[in-house]
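Q: pasting a predicted model and its sequence here:
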Amino acid sequence: MSKKDLGLLLLIIVVGIVVTIINPRFLLPINLANTSNLIGLFGILSIGQAFVIITGGIELSVGSCCSSISSPSRTCPGRSHCR
């Protein structure tokens, strides 16, 4: 590992320790699972965004795409008129 990689790892560990001191529930399994899901979601979005930019395609705004998809999906669950 390079010096830069070790510095980033140390930063992540320090931030984790500080957050755990502030909120002891941070290290609960359900919170770690939720955090992992969010990291995966944004990782997939950023890979797609990078692919579009590198290939010279149109530039998609990740934020607007997420919000335009999440708004209807948030209002529709359990409603018969959204089918």
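A: On my side now, so go ahead. Residues are numbered from 1 along each chain as shown.

Q: select the longest helix from the chain.
A: In terms of residue count, the longest helix belonging to the chain (DSSP state H) is helix 29-54.

Q: can you point out the buried residues in it?
A: Neighbour counts using 16 or more other Cβ atoms under 10 Å place Q49 of helix 29-54 among the buried residues. Every residue, glycine included, has its C-beta placed from N, CA and C.

Q: what packs against it?
A: Secondary-structure packing of helix 29-54 (3 or more Cβ pairs under 8 Å, 6 or more residues apart in numbering; DSSP states H and E): helix 62-75.

Q: and the helix it packs on, what's its mean pLDDT?
A: Averaging pLDDT along helix 62-75 yields 66.

Q: ditto for stretch 26-40
A: Computed over stretch 26-40, the mean pLDDT rounds to 87.

Q: neighbouring contacts of that stretch?
A: The contact list for stretch 26-40 (Cβ atoms under 8 Å, 6 or more residues apart in numbering) reads G16, V19, T20, R25.

Q: which ones among those map onto strands?
A: Members of the contacts of stretch 26-40 lying in strands (criterion: DSSP state E): none.

Q: any chance of these in TSV, with distance to G7 and neighbour count too?
A: Shown next, in TSV, are the contacts of stretch 26-40 (distance: Cβ to Cβ, whole Å; neighbours: other Cβ atoms under 10 Å):
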residue	distance to G7	neighbour count
G16	15	12
V19	19	12
T20	20	12
R25	28	8
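
Q: which ones among these lie within helices?
A: Per DSSP H, these map to helices at G16, V19, T20.

Q: ok, the residue nearest to the first one when sequence neighbours are not counted to T55 distance?
A: Of all residues beyond its chain neighbours, the one nearest G16 is F26 (7.6 Å), with distances taken as Cβ to Cβ, 6 or more residues apart in numbering. To T55, F26 is 39 Å away according to Cβ to Cβ, to the nearest Å.
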